[in-house]
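Engineer: Curious how this folds, go ahead:
(2 chains)
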2 protein chains.
Amino acid sequence: MSDPITEVTQVVRAFADCWNRHDMHAFGELFDPNAEFVNVVGLWWKGREEIRKAHELTHATLFKHSRLTLSDVAVRFPADGIAISRVRWILEGHVSPEGAPLPARKGILLNLLSRGPAGWSIIDSQNTDVIEGQLSRPQ
Amino acid sequence: MSDPITEVTQVVRAFADCWNRHDMHAFGELFDPNAEFVNVVGLWWKGREEIRKAHELTHATLFKHSRLTLSDVAVRFPADGIAISRVRWILEGHVSPEGAPLPARKGILLNLLSRGPAGWSIIDSQNTDVIEGQLSRPQ
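Structural biologist: The predicted model follows:
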């Protein structure tokens, strides 16, 4: 038997494992059917199918050979069966829309998870790029 | 008696009201003492006091005369006494670190709230700028 922190951490780590295999079917299965997701440029996807299709598109293009590395998986439980997880990430190997290699990017991903009969699933995600040396967005 | 959606919406709207009065004491009181907050450039504040002090700093400088306008307050309840709220925002009247006026910015703010004996408080926030016309971060 595993403890809730380990169980939640496994789902968050599976996010990166599916990303790095570019397996968007398995990626989508990490999410609740009614999950929502806001990505780093504020695209707001509603439902597992929108989340999956958006990632299928980027993993056929910008992120086709990218690698996502996680560190510092933090987990809190605001209520029984609900988890808040934040993780720092580094993305490497991604390209511009024109196919040019881009430097590594860093960010912080928030995942909210709910425990159901089949285990923990992600019910909400929001992602934010880290821009170092700034208090707010440079414009 | 008000319903939970109205109660949560009032707290989210108070976030903007306190911002626009630049009243960071009242702003901090919206948060649980153990709340966490990730801002648009990935600064990760832990606890009400860090959240308050960070906003005191920006409201003495970059955001001193800024105005935050919310629209589309969405609320979901993944468990009894827990709310997920997302809202689109526009920020106007902010300046660069050198004091130069900047164009309006848009973003999406996620707030997680928990209901306690004194009502709903924010236990976690993450903010992301909207960058239009992009699938992912332009670099």
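Engineer: so where is chain A shaky, pLDDT-wise?
Structural biologist: A:1 (pLDDT under 70).
Engineer: try 90
Structural biologist: Low-confidence segments of chain A (pLDDT under 90): A:1-2, A:72, A:132-139.
Engineer: Next, the buried residues of stretch A:85-93.
Structural biologist: A:85, A:86, A:87, A:88, A:89, A:91 (16 or more other Cβ atoms under 10 Å in any protein chain shown). The C-beta positions use only the backbone N, C-alpha and C, and glycine is treated the same way.
Engineer: And the longest helix seen in chain A, how far out from the chain middle?
Structural biologist: The longest helix of chain A (DSSP state H) is helix A:4-21. Computed by Cα atoms, centre = their mean, to the nearest Å, the chain-centroid distance of helix A:4-21 equals 9 Å.
Engineer: so what secondary structure elements neighbour it?
Structural biologist: Counting contacts by 3 or more Cβ pairs under 8 Å, 6 or more residues apart in numbering or on different chains; DSSP states H and E, helix A:4-21 packs against helix A:24-29, strand A:67-79, strand A:82-92, strand A:105-116, strand A:119-129.
Engineer: Turn the ones you listed into a markdown table, including distance to residue B:5.
Structural biologist: Formatted as a markdown table, the entries for the helices and strands packed on helix A:4-21 read as follows, by distance: least, Cβ to Cβ, whole Å:
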| stretch | distance to residue B:5 |
| --- | --- |
| helix A:24-29 | 29 |
| strand A:67-79 | 18 |
| strand A:82-92 | 18 |
| strand A:105-116 | 18 |
| strand A:119-129 | 17 |
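Engineer: quick one: which of those is nearest residue B:3?
Structural biologist: Closest of these to residue B:3 is strand A:67-79, at 19.5 Å (criterion: Cβ to Cβ).
Engineer: quick one: that closest one to strand A:82-92, angle?
Structural biologist: Angle between the axes of strand A:67-79 and strand A:82-92 is 170 degrees (criterion: axes from the mean of the first three to the mean of the last three Cα atoms, to 10 degrees).
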